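> Have a look; sequence and predicted model below, questions after that.
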Amino acid sequence: MSPDAPDSPWHGRTDGAGPEHRRWHEVVRRPAPDGTMPAAERGVALVGFASDEGVRRNQGRTGAAAGPDALRRALAPLALHTDVPIVDAGTVTVDGTDLEGGQDRLADRVAVALDAHDLVVVLGGGHETAWGSYLGRARSTRLGGTGQPDSRVGVLNLDAHFDLRTADAPSSGTPFRQMADADRAAGRAFRYTVLGISEPSNTRALFDTAADLGVQYLTDEQCTTANLPAVLATVDALLADVDVVHLSIDLDVLPAAVAPGVSAPAGYGVALEVIHTVCRHVAASGRLALVDVVELLPALDIDQRTARTAARLITTLVHEAAAAS
């Protein structure tokens, strides 16, 4: 994906040459036409994961494989108020129904990015993206335990669903159950907090599983602007118990009017103000290392509302993480 490629999502207006005019499309460094990656430096890496297979297996609306480039297009014209280096590490594409192979290749890409950069943002893809991200952090020297055996990683999921299903095959509904099982097998604590759970969208069996695994959560009805201090207190409880945060943002946590282009539009949802505040709070903690942004279906996205909202959240995360580093 070269800067001049006609199908490149990284383009937009240019107001001037100085840093005061900086926009994403002017800053992001991309692979060369031959696929050679830019030289590694700290800062931010973007990794795409073009996958629909997990959502298909979970009987949801497909289309998230087109999400990575839609997110890039939404980011491209936005102003950047930081000089942090940003590298686009390309997109891993799932071949047919081989989700597991795609997740394995995503894991390798994420592991390399985590070891070279301060913050890695994975652009999904369905929520099966999160399992590939987990495998990547488990393989990285920085987070996987090879270099820091005592590093405590916590997962904060902004989502209407627990995604703790037990199934014959992995899907977009199983990634956090897979994480719990993998952590237990490795002798690690499973530190998992979810904000935005929709009670009608999760069976009693899933609530029981969450209780058995010690999952901390708040429902969408609890995640209100009036209750924001309690929401942030829940986030702070996770931050106090970890060294590093893996933030997973399923865009279906937002109200359908804000995020119509998702696999499962919310009938209630959590206000953007709350989700944005949580993102800013986590990034400002200095503990954020890995982010997934998932479940964008561009073909169903009215006026690019979902993509634009996601791009705003990603930009805030990048700004705050850079300021905290």
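Ah, there it is. Numbering: from 1, shown residues only.

> use CA for all of it now, contacts and neighbours both
Fine.

> pull the longest helix from the chain.
helix 305-324 (DSSP state H).

> If you average the pLDDT over that one, what comes out?
For helix 305-324, mean pLDDT rounds to 97.

> and that helix, how far from the chain's centre?
Helix 305-324 sits 11 Å away from the centroid of its parent chain (CA atoms, centre = their mean, to the nearest Å).

> With stretch 318-325 instead?
Its chain's C-alpha centre and that of stretch 318-325 lie 16 Å apart, by CA atoms, centre = their mean.

> which residues touch it?
The contact list for stretch 318-325 (CA atoms under 8 Å, 6 or more residues apart in numbering) reads 43-44, 80-82, 84, 119, 280, 283-286, 288.

> And for stretch 256-269?
So stretch 256-269 is in contact with 55, 60-64, 160, 196, 198, 220, 251-255, 272, 295-302, 304-306, 309, going by CA under 8 Å, 6+ apart.

> mind redoing it with 6 Å?
Outside stretch 256-269, the residues that touch it by CA atoms under 6 Å, 6 or more residues apart in numbering are 60-61, 220, 252-255, 295-297, 300-301, 306.

> again with stretch 300-312
71, 74-75, 259-261.

> can you do 8 Å?
70-71, 74-75, 251, 258-262, 293, 296, 298.

> Same question for stretch 276-286.
With CA under 8 Å, 6+ apart, stretch 276-286 has contacts from 232, 235, 239, 245, 288, 313, 316-318, 320-321, 323-325.

> hang on, the earlier thing: compare the contacts of stretch 300-312 and tell me which is most surrounded.
L296 (34 neighbours; other CA atoms under 10 Å).

> Can you report phi and psi for the nearest residue to R287 once chain neighbours are set aside?
Nearest in space to R287, with sequence neighbours left out and distances taken as CA to CA, 6 or more residues apart in numbering, is V244 at 4.7 Å. Main-chain dihedrals, V244, degrees, to the nearest 10: phi -140, psi 140.

> thinking again about what came up before, could you identify the most distant pair in the contacts of stretch 256-269?
D220 and L300 (23.2 Å; CA to CA).

> And these two? Which one has more around it.
More neighbours surround D220 than the other of D220 and L300, with 23 against 18 (other CA under 10 Å).

> tell me which of the contacts of stretch 276-286 is nearest to W10?
Nearest member of these to W10, counting by CA to CA, is V318, at 17.1 Å.

> where exactly do the helices run in the stretch 51-200 of the chain?
With DSSP state H, counting those that start in this stretch, the ranges of helices along the stretch 51-200 of the chain come out as 53-57, 67-75, 99-116, 129-139, 175-186.

> Among the ones you listed, which comes closest to N202?
Of all these, helix 175-186 comes closest under CA to CA, at 14.2 Å.

> Give me the helices and strands touching that closest one, please.
In terms of contacts (3 or more CA pairs under 8 Å, 6 or more residues apart in numbering; DSSP states H and E), helix 175-186 is packed against helix 129-139.

> quick revisit: buried ones in the longest helix of the chain?
By 16 or more other CA atoms under 10 Å, the buried positions in helix 305-324 come out as 305-322.

> what's the answer for stretch 208-226, then?
Neighbour-count burial for stretch 208-226 [16+ other CA under 10 Å]: 209-210, 213, 216-220, 222-225.

> cool, and stretch 129-145?
129-144.

> do the same with stretch 58-74
Buried, per 16+ other CA under 10 Å, within stretch 58-74: 58, 60-74.

> Pick the one among those residues closest to G187.
N58 (28.9 Å).

> any idea how far the closest one lies from S151?
In this structure, N58 and S151 are 32 Å apart, going by CA to CA, to the nearest Å.

> Does H246 touch L290 like I think?
Yes. Counting by CA atoms under 8 Å, H246 does reach L290; the two are 4.8 Å apart.

> do you know how far T193 is from R308?
Counting by CA to CA, the gap from T193 to R308 is 26 Å.

> can you tell me which of the contacts of stretch 256-269 are in helices?
T306.

> tell me the mean pLDDT over stretch 285-294?
pLDDT averaged over stretch 285-294 gives 98.

> Skip the chain neighbours and tell me the closest residue to D95.
D95 sits nearest to G102 (CA to CA, 6+ apart), 7.0 Å away.

> Next, count neighbours for that neighbour.
Neighbour number of G102 under other CA under 10 Å is 21.

> R42 too?
Applying other CA under 10 Å, I find that R42 has 16 neighbouring residues.

> Could you do the one 4 residues further on as well?
Around L46 sit 22 other residues, with neighbours defined as other CA under 10 Å.

> mind checking the SS state of it?
strand (DSSP: H, G, I helix; E, B strand; the rest coil).

> can you pull up the bridge partners for it?
In this entry, L46 is beta-bridged to D88, V121, by DSSP bridges.

> So that it lines up with my notes, have the first residue be 45 from now on.
From this message on, residue numbering opens at 45, which makes the last subject L90.

> Tell me the pLDDT of it.
On the pLDDT scale, L90 gets 97.

> right, and D162 touches V88 too?
Yes. Taking contacts as CA under 8 Å, D162 lies within contact range of V88: 6.1 Å.
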